[in-house]
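# sequence below, structure please.
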Amino acid sequence: PPLYRLKPLDLAVNEAVDNAFWFMIKISLLWFPNEKWFIQIGLEKAKKDNNAAKRVELLNTATVKFFNDLDFLRESFNFRLEQGDGVGANGIVKQMIQQYPESLEPIYYGLKLSLIATGRSSYSQYRSMAAEKGMPVYLIQILDWAFYVLKNQVKESDMQFRELSRRFKSLSYYFIPLDYIAQHIFSAEEEESRKARMLFIDSIDMYALKVLKVHS
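Purely as a prediction, here's the structure:
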């Protein structure tokens, strides 16, 4: 039917539809145990509904049935990062590197985790791996700049930004607005700094994934 004819479902109906959906996902995994897309569909709904319990349940199933599947490893990493589980996220990164030794994607995740949660020694380790595996130099240097920004090292951040701007002038269209956001991270206003920090991380993350051709 046309969309204008559809009426919002009341809470009772919504609950019934949800129950039916999760029942069918459960049955489908029994009937088609080697079909990963049922888990993918469930994960999409669980994320949309902010249903952490279902995400954990499905990811646990996925890690048993499809332990080396990159899509599920990526999902597990992102979920642990959202939950503030740095140790668990780092474990996923190491597993990904073992199973996909030629891929830059898990190395980037290690760098991202170091920027957000760990520190200099971890960042240096993953940075060396990134350079060895051929990650684009401009991306590595953007992440170096991000490291100084997110660690509140203002002087080092300014120096790194000037070097970036000098070496990669063609990327000024991106650097200029990103630097504007970075300056707000150094703001004395805590809430302004927090929002700018989240925006800065999200922007660099989307940019890096695009450069590395990762389809998340």
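# surely Ser76 is in contact with Thr61?
No - applying Cβ atoms under 8 Å as the test, Ser76 and Thr61 come out as separate, 11.5 Å apart. Where C-beta positions appear, they are placed from N, C-alpha and C, glycine not excepted.
# shared neighbours, the two?
Residues touching both Ser76 and Thr61 (Cβ atoms under 8 Å, 6 or more residues apart in numbering): none.
# okay, buried residues for the helix or strand hosting Asn19 please.
Following DSSP states H and E, one finds Asn19 within helix 11-31. By 16 or more other Cβ atoms under 10 Å, the buried positions in helix 11-31 come out as Trp22, Ile25, Ser28, Leu29.
# quick one: contacts of that helix?
Applying Cβ under 8 Å, 6+ apart, the external contacts of helix 11-31 come out as Leu9, Glu35, Phe38, Ile39, Ile41, Gly42, Lys45, Asp49, Lys54, Thr61.
# number of residues surrounding the fourth one?
The tally of other residues near Ile39 (other Cβ atoms under 10 Å) stands at 23.
# could you check how far it is from His215?
Going from Ile39 to His215 by Cβ to Cβ, to the nearest Å gives 17 Å.
# with the second one instead?
Here Glu35 is placed at a distance of 20 Å from His215 (Cβ to Cβ).
# out of those two, which sits in the busier spot?
Glu35 (12 against 7).
# name the element the residue most central in space within the chain belongs to?
Geometric centre of the chain, nearest residue: Asn78, 4.9 Å, by Cα atoms, centre = their mean. Element membership for Asn78, per DSSP H and E: helix 70-82.
# quick one: average pLDDT of that helix?
Average pLDDT, helix 70-82: 92.
# what packs against that helix?
Judged by 3 or more Cβ pairs under 8 Å, 6 or more residues apart in numbering; DSSP states H and E, helix 70-82 is in contact with helix 37-48, helix 52-65, helix 86-99, helix 105-116.
# and the helix or strand just after the last one, which residues are buried?
Where DSSP H and E defines the elements, the next helix or strand beyond helix 105-116 is helix 120-133. Along helix 120-133, these residues count as buried under the neighbour rule (16+ other Cβ under 10 Å): Ser122, Tyr123, Tyr126, Arg127, Met129, Ala130.
# the fourth one is in contact with Ile140, isn't it?
Spelled out, it's Arg127. Yes - contact criterion Cβ under 8 Å: Arg127 and Ile140 qualify, at 6.6 Å.
# give me phi/psi at Phe186?
phi -80, psi 0 (degrees, to the nearest 10).
# typed the wrong thing, it's Ala188
Taking degrees, to the nearest 10 as the convention, Ala188 sits at phi -70, psi -20.
# show me the contacts for it.
Ala188 neighbours (Cβ under 8 Å, 6+ apart): none.
# how close does it get to Asn152?
From Ala188 to Asn152 the distance is 12 Å (Cβ to Cβ).
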